[in-house]
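[1] I would like the atomic coordinates for the input below:
(chains A, B, C and D)
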Number of protein chains: 2
Amino acid sequence: MRRLAKVNTGTEAPRRTRIQQEKRELILEAALEVFSTNGFRGSTIDQIAEAAGMSKPNLLYYFRRKEDIHETLMQRLLDTWLAPLRELDDIGDPLTELRSYIRRKLEMARDFPRESRLFANEILQGAPRIMPLLAGELKTLVDEKAAVIKGWMRAGKIARTDPWHLIFSIWATTQHYADFDVQVRAVLGPNRGGDGRFEDAARFLEQLFLDGLKPKG
Amino acid sequence: MRRLAKVNTGTEAPRRTRIQQEKRELILEAALEVFSTNGFRGSTIDQIAEAAGMSKPNLLYYFRRKEDIHETLMQRLLDTWLAPLRELDDIGDPLTELRSYIRRKLEMARDFPRESRLFANEILQGAPRIMPLLAGELKTLVDEKAAVIKGWMRAGKIARTDPWHLIFSIWATTQHYADFDVQVRAVLGPNRGGDGRFEDAARFLEQLFLDGLKPKG
DNA sequence: CAAATTTTTGACCGATTGGACAAACGTTAG
DNA sequence: CTAACGTTTGTCCAATCGGTCAAAAATTTG
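    Sure, this is the predicted structure:
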């Protein structure tokens, strides 16, 4: 009876055995850990293989090239990473929607810091591997949501301002707590830099985005 | 007559000839370019040497190890990078002071994006080389300025909130335009992503930090 | 000028890298 | 069981890496 051929087709034919599925997940999990802390060029296949508990040739049996691992990781990443923005909905109170979006993004920075750092690494180095996605899929989504926000502004539900830069500022402030986590904890010190820092950040960001810094009165 | 001995003392004795000064600057400039786009491990001495227009052994005559270049670069960076925060002054109107700080930081993101990316690269990878500086010099400075801001809040000059996270949010939003520049331009597109994007960002950030998003009324 | 010193380079080295390969080992269908 | 296929590994390789070294070239000093 016909069995499966080579695994590493990469582009298509994802028919895989149980072992293949499991081992590929194991490798991707290990690669996320290694890539997110060392960058692509700073990471070695040996590091990933050791983190995944297997030999280098064995890893290369599941992913033919180092770049294939990174590519698979980035493809998966973008979907989950943009999910909060996709949820931004025209129905419902605008200020509540924005507050929820900020909160969800901050939770992702707290719960998936490796994903955030992997993405940041890629962008920092000029996004050589995902540039088309940025100018295509991402731009389309942001433009769409910017239109929604503009509608809220026209309706007088939120202050008039630039929707694109608003989205950037939400990305920047929330992802900062994942990407610059080391610095945040170093500056806050042992007491304030503990587990409570995300709640402090949530409170601060809510106030910033809703009311700004001008004193009441 | 006694001449200069080896150049690479590194830690002290910075007596240098004209050629040494010039060539060292040339190397540091080239290294800034290379390190900021490839990270430390992703950059090679050959790349830096080529960017500086000299041979690898010649470069190693001025900096004995690759790490020495990076270290020198980081030391210089922190001084100029924190200058805007150091200027944050207790005298003068608080809201004006904060607005000036945001503007200066945004100008630095525009005029020195490579420095910003170099710093981001280092922090992203756990700040292995400057951790002591973060927990020492940086924390001291931020704590000091947080106290100044707290004074403004007590005096009712600005809204009460967390001064540390306020500083983080200013860092995050401004540096975003340097570190994530590729993404910003990809999303904004050819028209809005042109040279005017920093002015748009300045306008938006001023409104965000002063008034927030709640509609006037 | 010439000697002393600084600067530059080609050649080289050991270590590490991404990846190839064949042989050994496991597993499963008939 | 056994043959066919999937999985794993030890070994090897060429390229690249950071860095050395001695000797040539350029510069400075007296």
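
[2] can you pull out the strands in chain A?
    Assigned strands in chain A: none (criterion: DSSP state E).

[3] okay, now the unreliable bits of it?
    A:1-16, A:217 (pLDDT under 70).

[4] and it, what are its domains?
    A:18-64, A:76-211 (automatic domain parsing).

[5] would a markdown table of those domains with mean neighbour count and distance to B:L118 be doable?
    Bear in mind the C-beta positions are built from the backbone N, C-alpha and C, glycine included. Formatted as a markdown table, the domains of chain A follow (neighbours: other Cβ atoms under 10 Å in any protein chain shown; distance: least, Cβ to Cβ, whole Å):
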| stretch | mean neighbour count | distance to B:L118 |
| --- | --- | --- |
| domain A:18-64 | 18 | 13 |
| domain A:76-211 | 18 | 10 |
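
[6] could I get the full set of helices for chain A?
    A:18-38, A:45-52, A:56-62, A:66-87, A:94-111, A:113-124, A:131-133, A:139-154, A:163-179, A:181-192, A:197-211 (DSSP state H).

[7] okay if I get these as TSV plus distance to B:A127?
    Converted to TSV, the helices of chain A look like this (distance: least, Cβ to Cβ, whole Å):
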stretch	distance to B:A127
helix A:18-38	11
helix A:45-52	20
helix A:56-62	29
helix A:66-87	23
helix A:94-111	18
helix A:113-124	13
helix A:131-133	28
helix A:139-154	31
helix A:163-179	12
helix A:181-192	5
helix A:197-211	17
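
[8] quick one on the thing from earlier: with distance to DNA strand D added, can I get the domains of chain A in TSV?
    Formatted as TSV, these follow (distance: least, Cβ to the nearest atom of the strand, whole Å):
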stretch	distance to DNA strand D
domain A:18-64	3
domain A:76-211	15
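
[9] can you tell me which of those is nearest to B:P132?
    domain A:76-211 (9.3 Å; Cβ to Cβ).

[10] how about the residue nearest to A:S116 when sequence neighbours are not counted, what does it touch?
    Leaving aside its sequence neighbours, A:S116 sits nearest to A:A178 (Cβ to Cβ, 6 or more residues apart in numbering or on different chains; 3.6 Å). Counting by Cβ atoms under 8 Å, 6 or more residues apart in numbering or on different chains, A:A178 touches A:108-110, A:112-113, A:116-117, A:120.

[11] do that again at 10 Å, thanks
    Applying Cβ atoms under 10 Å, 6 or more residues apart in numbering or on different chains, one finds that A:A178 lies in contact with A:36, A:105-106, A:108-117, A:119-120, A:184, B:124.

[12] next one: A:S100
    Here A:S100 is in contact with A:84, A:87-89, A:92-93 (Cβ under 10 Å, 6+ apart).

[13] cool, A:D143 as well?
    Per Cβ under 10 Å, 6+ apart, neighbours of A:D143: A:163-164, B:187-189.

[14] now swap in A:K139 and tell me
    A:133, A:164, B:183, B:186-189, B:193 are the contacts of A:K139 under Cβ under 10 Å, 6+ apart.

[15] what about it, distance to DNA strand C?
    Noted for A:K139: a distance of 30 Å to DNA strand C, by Cβ to the nearest atom of the strand, to the nearest Å.

[16] any idea how far that residue lies from A:Y101?
    18 Å (Cβ to Cβ, to the nearest Å).
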